[in-house]
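Asker: test case, fold it:
(one chain, ligands or ions: 1)
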Amino acid sequence: MIDIQWWRSGYDDQVHAFRGARVGQNFGEALCDHSVPTSLITQVDEGRRCIACLLMVGDLLATTQGDALWRAS
Ligand SMILES: [Zn+2]
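Answerer: I've put the predicted structure just below:
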C-alpha cells in the first residue's frame, strides 16, 4: 500500500494526495507539487480532488501493485 493521505488544501480548496512522511513539516507537499502551509491543510478528503494527484496515485498503484490487481477474475 502506498503511504498517502487525501487532504484538502486551503489554497485552492481541492483535495490533494500528500505523502505521509511529509506531514509534520511547515509545508505539506502534494504529489502534484502543490505545496501548502500545514496550517491550511484540512485533514478531510471531502471535496473536489486534484486531477493531477489522482493520475499520479493511479500510476503509483499500477507500479506497486502490478497488473494482476486490475485483471477481472
Ligand atoms: Zn494535487
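
Asker: for the residue positioned nearest the centre of the chain, give me its contacts.
Answerer: Of all residues in the chain, the one closest to the mean position by Cα atoms, centre = their mean is Ala17, 0.8 Å from it. Ala17 is in contact with Ile4, Gln5, Trp6, Ala30, Leu31, Cys32, Cys50, Cys53, Leu54, Met56, Val57, counting by Cβ atoms under 8 Å, 6 or more residues apart in numbering. C-beta here means a position set from N, CA and C on the backbone, and glycine is covered the same way.

Asker: which one of those sits in the busiest neighbourhood?
Answerer: The most crowded member of the contacts of Ala17 is Ala30, carrying 25 neighbours; neighbours defined as other Cβ atoms under 10 Å.

Asker: coming back round to it: give me the element the residue nearest to the centre of the chain is part of.
Answerer: Using DSSP states H and E, Ala17 maps to strand 14-19.

Asker: now that strand, how far from the centre of its chain.
Answerer: Offset of strand 14-19 from its chain centre (Cα atoms, centre = their mean, to the nearest Å): 3 Å.
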